[in-house]
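Visitor: Turn this into a structure:
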Amino acid sequence: MSRDEEYSFTEPNRRSVTVAPGDLGGNLTTSGVDLLALPVGTLLHLGDEAVVEATGLRNPCLQIDNFQDGLLKRVAGRDETGRIVRKAGIMGIVTVGGVVRPGDPIEVELSVGPHRALAYV
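Guide: Residues are numbered from 1 along each chain as shown. Next up is the predicted model:
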């Protein structure tokens, strides 16, 4: 798995920032899926029945520091060209509800048509 495939709070947790499930909203922690590279409209099939449609990239703001001081710096950085990279995951809408359990598989169904990159919301 490449560094870009790690969900935003995997890396910070290794740096002594504690973010537990549910601390910052209805989040899922993923592994093995390059979330930031998914096109708009991608469907994420979670477990046996739940489906979430990717709609945009999360844009972390200063409010995240209200949760834990310094967390914003941990989820925003620069790539080798100096471009700002925000690793705060993606936004999505639940299109099919269902139970999702730790360890459930994630199946990625790419959207049909031209690739439209997710934008920050």
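Visitor: Can you tell me what sits against stretch 87-94?
Guide: Residues outside stretch 87-94 that contact it (CB atoms under 8 Å, 6 or more residues apart in numbering): 6-8, 11, 27, 35-36, 38, 44, 50-60, 64, 75-77, 118, 121. C-betas here are computed from N, CA, C, even on glycine.
Visitor: Swap in 7 Å and give it another go.
Guide: Defining contact as CB atoms under 7 Å, 6 or more residues apart in numbering, one finds that stretch 87-94 is touched by 7-8, 27, 35, 38, 44, 52-60, 75, 118, 121.
Visitor: Could you point out which residue ranges in this protein have low pLDDT?
Guide: Low-confidence segments of the chain (pLDDT under 70): 1-19, 21, 25.
Visitor: Do a quick rundown of the helices in it.
Guide: 10-14, 63-67, 71-75 (DSSP state H).
Visitor: What residues sit buried inside stretch 42-49?
Guide: Buried positions in stretch 42-49, judged by neighbour count with 16 or more other CB atoms under 10 Å: 42-46.
Visitor: want to throw these into JSON lines with distance to G103?
Guide: Converted to JSON lines, those look like this (distance: CB to CB, whole Å):
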{"residue": "T42", "distance to G103": "21"}
{"residue": "L43", "distance to G103": "20"}
{"residue": "L44", "distance to G103": "15"}
{"residue": "H45", "distance to G103": "15"}
{"residue": "L46", "distance to G103": "11"}
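Visitor: nearest to G70, of those residues?
Guide: Each of the buried residues of stretch 42-49 was scored against G70 by CB to CB, and L44 proved nearest at 29.6 Å.
Visitor: Pull the contacting residues for that closest one.
Guide: Taking CB under 7 Å, 6+ apart, one finds 51-52, 54, 92, 106, 108 in contact with L44.
Visitor: at 10 Å instead, please
Guide: Applying CB atoms under 10 Å, 6 or more residues apart in numbering, we find L44 in contact with 28, 30, 33, 35, 38, 50-54, 90, 92, 95, 106-109.
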